[in-house]
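coords below, sequence missing:
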Ligand SMILES: *[C@@H]1O[C@H](CO)[C@@H](O)[C@H](O)[C@H]1NC(C)=O
């Protein structure tokens, strides 16, 4: 379904002429996966099942840390129910995850996603501009 195709598209668009790619070559990169606040989003399932499974799968590739940021006012119109903030060693680690994760495992995550949401997440990458 959605997570991996989204990532693949993102990666396809990050060529060497992309300033972000050049700026972050070899540097830590943050991947954000934002799940739209849909009425069916099941935070309990997501936090107790999906996050541990994904973290276990991604850590060997170079996931160095993560936070699952949960909406505190989903009913008041927050755009996202959850934002998964994944810190990767560098873009090569992300590439390894994308190309070396077995197909059946990707399929398992895609199937699992249907158990807590009905809406595709938005996925993108950011680097640190400033920090306090
Ligand atoms: C959400 O997930 C939890 C944990 O799997 C489950 O116990 C609960 O029934 C689910 N809630 C809904 C509304 O599906």
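Yes, it's here. Being a predicted model, the structure only gives us computed values, none of them experimental. Residues are numbered from 1 along each chain as shown.

determine which residue lies closest to the centroid of the protein.
residue 33 (3.8 Å; C-alpha atoms, centre = their mean).

around the ligand, which positions in this protein sit nearby?
Near the ligand, the residues belonging to the chain are 42, 44, 45, 48 when assessed by C-beta under 6 Å from any ligand atom. All C-beta spots, glycine's among them, are computed from the backbone N, C-alpha and C.

and which of those is nearest residue 82?
Of all those, residue 82 sits closest to residue 42, with 10.1 Å by C-beta to C-beta.

who are the contact partners of the closest one?
115, 116, 117 (C-beta atoms under 8 Å, 6 or more residues apart in numbering).

one more time with 6 Å
Neighbouring residues of residue 42 by C-beta atoms under 6 Å, 6 or more residues apart in numbering: residue 116.

residue farthest from the centroid of the protein?
The chain, C-alpha atoms, centre = their mean, max distance from centroid: residue 76 (24.3 Å).

one step back: tell me if I am right that the residue nearest to the centre of the chain is in a strand.
Yes - assessed by DSSP: H, G, I helix; E, B strand; the rest coil, residue 33 belongs to a strand.

in what helix or strand does the nearest residue to it once chain neighbours are set aside lie?
Closest residue to residue 33 apart from its sequence neighbours, by C-beta to C-beta, 6 or more residues apart in numbering: residue 84 at 4.2 Å. Residue 84 belongs to strand 80-88 when assigned by DSSP states H and E.

which residues touch that strand?
Residues contacting strand 80-88 (C-beta under 6 Å, 6+ apart): 29-35, 37, 41, 62-71, 74, 94.
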